[in-house]
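1. Generate coordinates for the sequence data below:
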Amino acid sequence: MIKREFYNLLAPSNPISDSDLDIICNHILDNKLIIKYNYIPETLEDFPNQLIFNDNFKWIIELEDKSNMAMLHLHSLEPIKYLLLAYNQSNDFKLIVKSLDILLSWKNNVSSRENFYSWYAHCVADRTIIIGILLVELQAVKYDRRIIAEIKNLLKDHHEYLLKKENYKPLNHGTMMDRSLLLSSEVLEDKDSHDFAVKRLKMNFSNTFTKNMICIENSVTYSIFNIELFISIEQYLLKPLSKSLHSNFDELINHALEFFDSIKMPDESFPHYGDGEKENLTSIKNSVIYKYYSNHKLFRRYTDEGKINTYKYFDEGFIVLKNNNKYLLCNSGAIKINHKHADDGSIIFYHDNEVFVDSGIYGYDKSELNTYFKSSLAHNSVVLNNQSYNYSKSNINNGYLKNYIENDDYHYFQMVNNHYIYASIIRHMFIIKDTFQILIHDQIISPVHNLITQTFNLSPDIDSVELSSTFKNEVLLNNKIRLTSDSNSEICINDTNKKRGIYSEKFHSKTLIPKLNINKTGINQSITTVISDQQQDSFELDTTFLEFNKIVLSNIRSQTVLDIIPFQESPDYKYFLIIRNLDDKYFWKLYSSLYENEEYAYYIYKDGDRFDIIWYTDKNIIEYEFQEPGKYTLRCFIRNKENHDEKTAFIHNEHIIIYNDDI
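-> Numbering: from 1, shown residues only. Down below sits the predicted model:
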């Protein structure tokens, strides 16, 4: 008899009603595949021809920007998962027969590994659970011995894949793989493999979370997913064998849920940072987390007792301040780059409703759209020269929090972003206690003449954005939230080309949103902006004392002097290249302080091959016009003019792409 705990591993992330499950299975029995419930296809009445299963089914789905997601779930054998879930309820054997039909089609068509998704770790892990359950059910009814032997050999192939070190990936993929390895070890009665999987899982459990039990994959979605994985392993695969991932497993999971309670917004949703979809408390209540930890305070309504509560996680890069109707999440830093975006120094703000939102993520395919969603332009932070920074190639330690101070009047801390190769951005955050007024003072330390932009992506609920006719440096949102910037800056509603922001709560679903850009240009510049409730007293923002490291906020009743802690670290800009484009002519300037007397040379590569050379010259500014379309890369050389043996070379990490005139 199959262990019923195995079926619990098939539980979908989005719960399916019994009636919908019946409809799904009837469609699959009728050879209309459901790859992902409520997603592919979008409705249970809409079936593209590619989802019709027949003898000529080739296991390749092309659905434009949904193709990657479709292939992932198709090769995870998700249609069989629905059939098995229904069989667990009804014992209708025709569901097993159809499952076998689909599995053998997969085996006979794509098990040769020519298709990327057929032996992708995520797919292998999901598929192993399905094959294991199906094998046990076939053995239970003493099905055809040849078929049983064929399915058992297929399970062994998956089992061997999961064991191999070269296939293993840490964090959620590794957890999925070892969860499946535990199941296949039980089905195949392989104790050594079972012990191996437990050992590797214990190590991965420790590595997935920080000492604060915060998941190091920078996303609420992936944090929830990791916790669900470990709970399912503990409850369904180890506990029945009197084993555990950790002697204090329940205590650690409760600790992990404390972070979710800290970042929970007043509307019981969660901030939308990193990869993944917008999550809320309801989605957790529908998961295995709530099944075993429903008594946690996370599931009780938040009350603030009339004060601002603060939650500080310096190692992981988060500070949260909130009361009953206002909420501010500040993010700078990370442990790993997994599922992270260029969001160092970013904020998410809620005031009765969401005001400043993280733009989310559209999907996982490599596209211009997803490049935007991961860029700093899609986050509420500081952007230099309308360009994001390459966080994936930067040092993860270049973003961090520091200098948190609480006094009688306000909270203060700094968010540092050193990811731009030519600048340090220090975001000084002040939150006034009695009003929840937020003052942001952005300080940019750079030898380059930069266009500095404070970017605010506004919630889809913001339908009224008005620039004050009296004060050109003030804007009003929904006649409720007021942004006031210093007098030397320029506020733009949307960007300079009237382009709006883009927002995505669910994969492959997007909407245009209003956007605010506050701009200033110069060397070593700063921008100061105050966010306040329109109902609060009018105030004056005085930045004339910045040279004394002070900012003054005053209204008719009081005056608050905010003390700035000077940034003591010295940015290390040994050398870097800045490129600008003007009317198809490119200008680049090499900044260097390596030698007292320097000269410079450049290799220009086109599509990977060396295309041109600019020989050594003492000029660090070059004007160049690219005559041919292609993707160009620059390799820069710096040498001591007095001693040619002393030299340094580096490749500029941004490509120059020249298109054909007709594109």
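2. In stretch 181-190, which residues are buried?
-> Buried residues in stretch 181-190, defined by neighbour count with 16 or more other C-beta atoms under 10 Å: Leu181, Leu182, Leu183, Ser184, Ser185, Glu186, Val187, Asp190. Just so you know, the C-beta spots here come from the backbone N, C-alpha and C atoms, and that holds for glycine as well.
3. likewise stretch 575-591?
-> Buried-residue list, stretch 575-591, by 16+ other C-beta under 10 Å: Tyr575, Phe576, Leu577, Ile578, Ile579, Tyr586, Trp588, Leu590, Tyr591.
4. Without its sequence neighbours, what residue ends up closest to the last one?
-> Once its chain neighbours are removed from consideration, Tyr591 has its nearest residue in Phe576; the separation is 5.5 Å (C-beta to C-beta, 6 or more residues apart in numbering).
5. and the helix or strand where that neighbour lies, what's its mean pLDDT?
-> Per DSSP states H and E: Phe576 is located in strand 575-582. Averaging pLDDT along strand 575-582 yields 90.
6. next one: stretch 149-167
-> 97.
7. Please enumerate residues in contact with that stretch?
-> 100, 103-104, 107, 111, 119, 121, 124-125, 127-128, 131-132, 134-135, 138, 177-178, 180-181, 184-185, 187-188, 190, 193, 196-197 (C-beta atoms under 8 Å, 6 or more residues apart in numbering).
8. lowest-confidence helix or strand of the chain?
-> For the chain, using mean pLDDT, DSSP states H and E, the weakest element among its helices and strands is strand 656-658, scoring a mean of 84.
9. in that one, what counts as buried?
-> Ile656.
10. by contact count, what packs against it?
-> strand 630-640 (3 or more C-beta pairs under 8 Å, 6 or more residues apart in numbering; DSSP states H and E).
11. Contacts for the strand it packs on, please.
-> Under C-beta under 8 Å, 6+ apart, the answer for strand 630-640 is 575, 577, 579, 588, 590, 592, 594-608, 611, 616, 626, 646-652, 655-658.
12. Then stretch 537-547?
-> 437, 439, 484, 486, 526, 528, 530, 532, 551-557, 564.
13. Run the chain-centre distance for it.
-> 36 Å (C-alpha atoms, centre = their mean, to the nearest Å).
14. Now do that stretch, average pLDDT.
-> The average pLDDT within stretch 537-547 is 89.
15. Give the buried residues for it.
-> Buried-residue list, stretch 537-547, by 16+ other C-beta under 10 Å: Phe539, Leu541, Asp542, Thr543.
16. now do stretch 487-502
-> Ser489, Ile491, Cys492, Asn494, Asp495, Gly501, Ile502.
17. what's the answer for stretch 626-646, then?
-> Phe626, Gly630, Tyr632, Thr633, Leu634, Cys636, Phe637, Ile638, Arg639, Asn640.
18. Show the pLDDT at the fifth one.
-> Going back to what we said before, that points to Leu634. The predicted local confidence for Leu634 is 95.
19. next one: the last one
-> On the pLDDT scale, Asn640 is placed at 96.
20. How about the second one?
-> At Gly630 the predicted local distance difference test score is 90.
21. Pairing partners for it in the sheet, please.
-> Ile658 (DSSP bridges).
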